[in-house]
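A.B. asks: can't give you the sequence, but here's the structure:
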C-alpha cells in the first residue's frame, strides 16, 4: 500500500484526540475516492495528491513519501550506495499508473529520456517486473522489497509522493471538523 505511513499517522492522531471515533478503512484508488467523496459516500480519504482536481475537493498534505530505486541485483547500479536517474532510464522504468505525467516531468528536469515508461497498478507489481529482470522502478521507501530486489536512494533527484487527507468542501461533518 502506497500510503502505509500516512495510515499510521491518522490512526495515532485519532486514537489520541478522538478515541470515540470509529474508522472504517477502504483500499480504493484515488479516482474512486474522489468520486465517493463527491457523492457523500466518504467523509475523508487518504490519497496521492492529484495535480488536477475539483475546486470542491480540499487536500491537505499530511505525509511525504520518499521513493527509492528498485533494481535487480545484477543491475550495474545495484552495488552503489545511491543511484542516478539516468542509470534507471536506460531500460524500461516501471511507474505507478496514476503518475506517468509526473514521472515524465521528473525525467525531463533531470535531462534524461527513459527508454520506456511502463505503467503498473502498484509498487508490488513494479517490483515483480524488476525481479523478473524486465527493468527498474521507483517505489515508495516504505514498501518492503521482496527477495531478489535491491533498493537504493536517488543520488540526483528528490523523488517524493505527497499523500493528502481529502474531503469535499460542500458538507463537512462535525466529527470531521473536530478531526481537522
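C.D. replies: Looks like it came in fine. Small disclaimer: the values here were computed from a predicted structure and weren't measured.
A.B. asks: would you list every one of the strands in this protein?
C.D. replies: Assigned by DSSP state E, the strands in the chain fall at 45-48, 57-71, 93-96, 117-120, 136-140, 150-152, 160-168.
A.B. asks: can you put those in TSV and add distance to residue 33?
C.D. replies: To be clear about C-beta, it is placed using only N, CA and C from the backbone, and glycine gets the same treatment. Formatted as TSV, the strands of the chain follow (distance: least, Cβ to Cβ, whole Å):
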stretch	distance to residue 33
strand 45-48	4
strand 57-71	10
strand 93-96	15
strand 117-120	19
strand 136-140	18
strand 150-152	28
strand 160-168	7
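A.B. asks: Please identify the deepest-packed of those.
C.D. replies: Neighbour counts (mean count of other Cβ atoms under 10 Å) averaged over each of those peak at strand 136-140, with a mean of 25.
A.B. asks: So what are the sheet partners of that strand and their directions?
C.D. replies: Sheet pairing for strand 136-140, assigned by DSSP bridges, gives strand 57-71 (antiparallel), strand 93-96 (parallel).
A.B. asks: Work out the gap between the longest one and the centre of the chain.
C.D. replies: Right, strand 57-71. Distance, stretch centre to chain centre, for strand 57-71: 5 Å (Cα atoms, centre = their mean, to the nearest Å).
A.B. asks: can you tell me the average pLDDT over it?
C.D. replies: Taken as a whole, strand 57-71 has a mean pLDDT of 85.
A.B. asks: In this protein, where is pLDDT below threshold?
C.D. replies: Across the chain, the ranges flagged by pLDDT under 70 are 1-18, 21-22, 50-51, 97-104, 157, 159, 171.
A.B. asks: Show me where this structure has its helices.
C.D. replies: 4-17, 30-38, 85-88, 100-109, 123-131, 174-179 (DSSP state H).
A.B. asks: got a list of contacts for the third one?
C.D. replies: If I follow you right, that is helix 85-88. Identification of contacts with helix 85-88 by Cβ atoms under 8 Å, 6 or more residues apart in numbering yields 69, 71, 76-77, 106-107, 110-112, 114, 136, 138, 154, 156-157.
A.B. asks: what about residue 28, distance to residue 115?
C.D. replies: 32 Å (Cβ to Cβ, to the nearest Å).
A.B. asks: actually residue 108, not the one I wrote
C.D. replies: 15 Å.
A.B. asks: More neighbours: which of those two?
C.D. replies: Using other Cβ atoms under 10 Å, the more surrounded residue of residue 108 and residue 115 is residue 115, with 13 against 10.
A.B. asks: what about that one, distance to residue 122?
C.D. replies: 22 Å.
A.B. asks: Reformat the strands paired with strand 136-140 into JSON lines and put distance to residue 34 next to each item.
C.D. replies: Formatted as JSON lines, those follow (distance: least, Cβ to Cβ, whole Å):
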{"stretch": "strand 57-71", "distance to residue 34": "6"}
{"stretch": "strand 93-96", "distance to residue 34": "16"}
